[in-house]
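Enquirer: sequence first, then the predicted structure, then my questions.
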Number of protein chains: 2
Amino acid sequence: MSDFNLQAVLDKVQPVSEEALALVQSRIDRQAKPPGSLGRLEELSRRYVAISGREDIRAKRIYTFAGDHGVAAEGVSAFPAEVTPQMVYNFIDGGAAVNALANHAGAEVRVVDMGVNHDFNGLEGLIDRKIAMGTNNIATGPAMSRAQALAALQAGVELASQAKTDGIDLLGTGDMGIANTTPSSAIVAIFTELTPVQVTHRGTGIDDAALGQKIRVIRRALDINKPDPSDPVDVLAKVGGFEIAGIAGLVLGCAAEGLPVVVDGFISTAGALIASELHPHVRDYIFAAHQSVEIGHRHMLQRIGQQPILNLDLRLGEGTGAALAMTLIEAGLRVLREVLTFDDAGVSEGEGR
Amino acid sequence: MSDFNLQAVLDKVQPVSEEALALVQSRIDRQAKPPGSLGRLEELSRRYVAISGREDIRAKRIYTFAGDHGVAAEGVSAFPAEVTPQMVYNFIDGGAAVNALANHAGAEVRVVDMGVNHDFNGLEGLIDRKIAMGTNNIATGPAMSRAQALAALQAGVELASQAKTDGIDLLGTGDMGIANTTPSSAIVAIFTELTPVQVTHRGTGIDDAALGQKIRVIRRALDINKPDPSDPVDVLAKVGGFEIAGIAGLVLGCAAEGLPVVVDGFISTAGALIASELHPHVRDYIFAAHQSVEIGHRHMLQRIGQQPILNLDLRLGEGTGAALAMTLIEAGLRVLREVLTFDDAGVSEGEGR
């Protein structure tokens, strides 16, 4: 089906250099402020610089991946499936929240059709990587074939390479896909061995009855498909989604290319989790944008081993949290570049230094 | 000593209009996204618009108040007292973290000498509101006289009025003063009836022995001075600081002028707490920038009734957290201004709407 060599991509992933991290931190520690007093901001700049070798961000880009889900037919979402293509048009027109927040962050938004159940007729500005017109219903069988999962991963990997070629220094992920908290909850349940009850939440705002239905659907999806947690591509194919696969590919591609990537909320983190399970050092390149309201999210982040930067009760997706978190990485770099050392500022150092 | 009429300022403080808040929220709820899905960002824009009547921020300003503390002689800080004036010079030269983060946020920094133990000889760019060359040692008596506390409050109130005249739409607070976590811990202990052990932390990085000493010093300050929690000016005078009083005055002045104010970390919140105890509706105008590492901070915020916007393990002060939080208020406004409604975007609404 394709010449995509997943193993070759995985082989490119290197751990971020401990030496480079220590070098940045030693520079931060010479700045005129109590050691460690800027907390997480220091971690953000330390990791960004160690990954990229740069102290600035020339350009930022958010890829918002869209896809439809057969499982939407089970009544697991508060919104009808037609909203997926409607929101794609809205992204392209610049009228959505991710557009507003990307403007705020000085980032561009690129929208990728990974598998929306709609013919966009070559819509200008939309990146066409459509695998199919939506996934199959995971409550009755696998979401997609293994070949489709690999093709979707390939799309994400190639977009990371394209971004590198385009001189983008910081990437962000985003998602759009009605019902996509359902596959995301299934994915976290598989890797953490938690039950669907423990990782399933209200998505865009379903009531108690729909939440019960959603949990039953996820349970059925796991029972029928029996995804193998030691084979992340199997998990992706059986209970994933095309946009989730695109995100997984992008995150993997960023790690392979040495690009820092800001992972948005629950859906994006499901993609990042797939990528992290494929290679243990993918996590080194991930900045977790925020703590989502979705109860399964913290379990994903624990498994990946990254702390969220923001906690603003967001539950929108699209890349909105990624855009916000980018501004904090930028803030950390500003401190790194502009704050004087104790010597240069003529400030006395404290005890224990 | 002065013609300052505190009661006249307090009489100007009005609650923020519930009607105005509801009006902004109804506008947010028509935007094409699940209701409430932008969480705290919606609260930020709702409150900013209801307070200011504006949907943009024309200009932002952070006032960083500096003062010295007689209690520094008790060995409660990891840094020598000479660092207070050294950092004031650094702020004026633009080399400190608050300068970098204010640049990032597009805010200007104004530095106010409230009571630094140093003669700045009319240093250009420094606002001279010096009350005295530092406070007295609170471990042996009151920090300042009641008249001095009122004069320091007046300075802050007048700076808020000046900002209003200057067309500033969003204010921020910041502090510099070696040893100032000690009076701040004393202030929170008084209003919350918690013990010094429960509200005292390591400031800029003291060890266990110094922490024990700091707790003993605060206990002594409370025993000797017996501040009256029903009289916030008494608390301020007996165990406060000049920069804390300036911050309290600024926050009070913002509430009186109808200006939103972003309150930085532990020290700034001590000032905001004094202002909130003076009038119950001062809190309506406060945006709590972040959750400090200082253990007493969350008790202050609980008492004020505001949730921190960020939680980045910051413990620097200066106004650094305020600068960061300003960018999130701006992000919320960007969403309010730029995101299309369901109708305009041609997006179907969900259930329960």
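Expert: Received it, and whenever you're ready, just let me know what you need.

Enquirer: could you list the residues in contact with the helix or strand harbouring residue A:198?
Expert: Taking DSSP states H and E as the criterion, residue A:198 maps to helix A:196-199. Residues from elsewhere that reach helix A:196-199 (CB atoms under 8 Å, 6 or more residues apart in numbering or on different chains): A:185, A:186, A:188, A:189, A:192, A:215, A:218, A:219, A:222, A:295, A:296, A:299. C-beta: built from backbone N, CA, C; applies to glycine.

Enquirer: mind listing what's buried in it?
Expert: A:196, A:199 (16 or more other CB atoms under 10 Å in any protein chain shown).

Enquirer: check stretch A:10-19 too.
Expert: A:10, A:13, A:16.

Enquirer: need the contact list for the closest residue to chain B within the stretch 1-150 of chain A.
Expert: Going by CB to the nearest CB, chain B is nearest to residue A:39 of the stretch 1-150 of chain A, at 2.9 Å. By CB under 8 Å, 6+ apart, the contact list for residue A:39 reads B:293, B:312, B:313, B:314, B:315.

Enquirer: specify which member of those is nearest to residue B:173.
Expert: Nearest to residue B:173, judged by CB to CB, of the contacts of residue A:39 is residue B:314 at 14.0 Å.

Enquirer: count the neighbours of the closest one for me.
Expert: 28 (other CB atoms under 10 Å in any protein chain shown).

Enquirer: report pLDDT for the residue nearest to residue A:62 when sequence neighbours are not counted.
Expert: Computed as CB to CB, 6 or more residues apart in numbering or on different chains, the closest residue to residue A:62 that is not its neighbour in sequence is residue A:172, at 3.8 Å. pLDDT for residue A:172: 99.

Enquirer: look up how far residue B:336 lies from residue A:172.
Expert: Residue A:172 is 22 Å from residue B:336, where distance means CB to CB, to the nearest Å.

Enquirer: cool, and residue A:69?
Expert: Distance, residue A:69 to residue B:336, by CB to CB: 30 Å.

Enquirer: comparing those two, which residue is more hemmed in?
Expert: residue A:69 (31 against 23).

Enquirer: phi and psi next, for that one.
Expert: phi -130, psi 120 (degrees, to the nearest 10).

Enquirer: okay, and residue A:270 sits in which element?
Expert: Per DSSP H and E: residue A:270 is located in helix A:266-278.

Enquirer: now check that helix, is it near chain B?
Expert: No: applying CB under 8 Å from any CB of the partner chain, one finds helix A:266-278 out of contact with chain B, separated by at least 11.7 Å.

Enquirer: which strands and helices sit next to that helix?
Expert: When contacts are defined as 3 or more CB pairs under 8 Å, 6 or more residues apart in numbering or on different chains; DSSP states H and E, helix A:266-278 sits against strand A:170-176, helix A:181-192, helix A:232-239, helix A:242-257, strand A:261-263, strand A:286-288, helix A:297-304.

Enquirer: how about the second one, does it reach chain B?
Expert: No: if you take CB under 8 Å from any CB as the test, helix A:181-192 misses chain B, and the best it gets is 11.2 Å.

Enquirer: CA atoms only for that helix, dumped as PDB, please.
Expert: Only the C-alpha atoms of helix A:181-192 are listed here, as PDB (Å, rounded to 0.1, in the frame of the first residue of the first chain):
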ATOM      1  CA  THR A 181     -13.300  11.300  23.100                       C
ATOM      2  CA  THR A 182     -14.700   7.800  22.800                       C
ATOM      3  CA  PRO A 183     -11.700   6.200  21.000                       C
ATOM      4  CA  SER A 184      -9.400   8.400  23.100                       C
ATOM      5  CA  SER A 185     -10.900   6.900  26.300                       C
ATOM      6  CA  ALA A 186     -10.600   3.400  24.800                       C
ATOM      7  CA  ILE A 187      -6.900   4.100  24.000                       C
ATOM      8  CA  VAL A 188      -6.000   5.200  27.500                       C
ATOM      9  CA  ALA A 189      -7.900   2.300  29.100                       C
ATOM     10  CA  ILE A 190      -5.800  -0.200  27.000                       C
ATOM     11  CA  PHE A 191      -2.400   1.200  28.000                       C
ATOM     12  CA  THR A 192      -3.100   1.900  31.600                       C
END
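
Enquirer: what mean pLDDT does it have?
Expert: Mean predicted lDDT for helix A:181-192 stands at 98.

Enquirer: so how far is that helix off the chain centroid?
Expert: In terms of CA atoms, centre = their mean, to the nearest Å, the centre of helix A:181-192 is set 15 Å apart from its chain centre.

Enquirer: now do that helix against helix A:266-278, angle only.
Expert: 30 degrees (axes from the mean of the first three to the mean of the last three CA atoms, to 10 degrees).

Enquirer: so which elements touch helix A:181-192?
Expert: Taking 3+ CB pairs under 8 Å, 6+ apart as the contact cut, helix A:181-192 packs with helix A:196-199, helix A:208-225, helix A:232-239, helix A:242-257, helix A:266-278, helix A:297-304.

Enquirer: what's the answer for the third one, then?
Expert: For helix A:232-239, the contact count by 3+ CB pairs under 8 Å, 6+ apart identifies helix A:146-165, helix A:181-192, helix A:208-225, helix A:242-257, helix A:266-278 as packing neighbours.

Enquirer: what angle sits between the shortest one and helix A:242-257?
Expert: Here helix A:181-192 runs at 50 degrees with respect to helix A:242-257, directions being taken by the same axes, to 10 degrees.

Enquirer: same question, the third one
Expert: Orientation note: helix A:208-225 sits at an angle of 70 degrees relative to helix A:242-257 (the same axes, to 10 degrees).

Enquirer: show me how far helix A:208-225 is from its chain's centre.
Expert: That offset, for helix A:208-225, works out to 24 Å (CA atoms, centre = their mean).
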